[in-house]
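> sequence and computational prediction follow.
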Amino acid sequence: MNVELVRTEGYGLEAEIELDGARLQVMDGVSTAEQAAAPGPVSDPKFDVVMVEPGSWEQAAAANPGREKRLEHQWGWRYVGYGQVLATDPVRVDLGILVLELDFPADDPGREGDYVALAIDRIRLSAEPIS
């Protein structure tokens with residue numbers, strides 16, 4: 001996975017990254033509170049996510065009838081993630097461009113393999129400091 005920091009507004013604020021050729025708006029967890037990180041490659045990138053739990057898993061599955069794997073940008077750092085459930089406790093979803101682990105379990109272990117659409121409030125990038 002190749003991640004490049006394009007620009008940032010500073011730690012905890014919006015940053016733009018390029019992930020394997022795609023541009024994403026994320027929360028900056030790479031900069032320090034004292035100094036914004038300089039643009040450049042991000043070594044050992046990690047992603048965590050703040051999600052809006054689905055109203056129901058049935059609704060989440062019904063919202064991805066095409067069995068897609070992608071991120072659809074809404075605004076700022078908000079996305080709708082379309083992907084396949086790889087694990088259920090905690091939930092891990094393959095969105096094609098990346099796999100995200102969510103901070104809640106599925107309602108049923110049988111959800112593994114389901115295709116879902118989920119509202120993502122923000123994706124946070126953290127990593128080894130950029131030198």
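Looks like it arrived, so ask away. Numbering: from 1, shown residues only.
> what's the spacing between Asp89 and Gly29?
25 Å (CB to CB, to the nearest Å). In short, each C-beta sits where N, CA and C put it, glycine included.
> cool, Arg111 as well?
According to CB to CB, Arg111 stands 28 Å off from Gly29.
> give me every residue that touches Gly96.
Counting by CB atoms under 8 Å, 6 or more residues apart in numbering, Gly96 makes contact with 68-71, 83.
> so in the chain, where's the weakest helix or strand by average pLDDT?
When the helices and strands of the chain are scored by mean pLDDT, DSSP states H and E, strand 46-52 comes last with a mean of 84.
> after that one comes which helix or strand?
helix 57-62 (DSSP states H and E).
> could you list the low-pLDDT ranges of the protein?
Under the criterion pLDDT under 70, the flagged ranges of the chain are 52-54, 128-131.
> farthest residue from the center of it?
Most distant from the centre of the chain: Glu34, at 25.3 Å, with distances by CA atoms, centre = their mean.
> if we can go back for a sec, ok, Asp89 and Gly29, which is more surrounded?
Gly29 (18 against 11; other CB atoms under 10 Å).
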